[in-house]
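Visitor: this one's structure only:
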């Protein structure tokens, strides 16, 4: 007989990673038991409640320490990177990541850039990610729920597909009945990291306009951790 998989709460997935991947404020409230005391203290030191506590991670410029072994525990490093990547972007499964990696490799000649930048571009242009970057939701998983329940419009049409890819000039708006919900999300946000430069956001009318491709902009404050997209591509190359 097949054993049933034991349900693991979301907050326990952060234990092995030892990083507040989704930059959640209320994450530490879940660890009430004394055995989590060391972990809570560690996460408190890395929790970014203000700009001064937020570390900047330049995603495409990473130096390797002089005396490190680049092949040591390579599989574990790639696995943990994949788990961070999946958690941050709303629990992507292996098939989704594999398809994204294949597509990014096929577009290298067309876009004349690296597959890692193409991979990030495809994810950052998703509707659910744009809402999170604009602080209309507290997480990408939360923005997916907003979209699936019909709260969001693109070019005055309701979109219920959370992975909808946006193009330059697309206008995102919110249903009037959902204004209070978006207000609460904005008020509870600490507005760091700041919204990207390629988004024009009106917080009075709750509208977002995608102005430009994110490839030409700085990505060092996109993530609360260092994300090596080359590791993800390497993990899913077969």
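Guide: Noted; the coordinates are in hand. Quick caveat: nothing in here was measured; it's all calculated off a predicted structure. Numbering: from 1, shown residues only.

Visitor: now the strands: where do they sit in the chain?
Guide: 152-154, 157-158, 171-174, 199-202, 207-210 (DSSP state E).

Visitor: Would you mind finding the most buried of those?
Guide: Sort the strands of the chain by mean neighbour count, taking mean count of other CB atoms under 10 Å, and strand 152-154 sits at the top with a mean of 21. For glycine as for every other residue, the C-beta is placed from the backbone atoms N, C-alpha and C.

Visitor: List the contacts of that strand.
Guide: By CB atoms under 8 Å, 6 or more residues apart in numbering, the residues outside strand 152-154 that reach it are 127, 131, 146, 158-159, 164, 166, 170-175.

Visitor: Find the pair from those residues with maximum spatial separation.
Guide: Spanning the widest gap among those are 166 and 175, at 17.9 Å by CB to CB.

Visitor: more neighbours, these two?
Guide: Set side by side, residue 166 and residue 175 show more neighbours around residue 166, with 20 against 16, by other CB atoms under 10 Å.

Visitor: Who are the contact partners of the more buried one?
Guide: Contact analysis of residue 166 by CB under 8 Å, 6+ apart lists 125-127, 130, 154, 172, 210.

Visitor: Could you do residue 119 as well?
Guide: 100-101, 104, 229, 232-233.

Visitor: wait, what's in contact with the nearest residue to residue 195 once chain neighbours are set aside?
Guide: Closest residue to residue 195 apart from its sequence neighbours, by CB to CB, 6 or more residues apart in numbering: residue 134 at 5.3 Å. Shown in contact with residue 134 (CB under 8 Å, 6+ apart): 195, 199, 201, 208.
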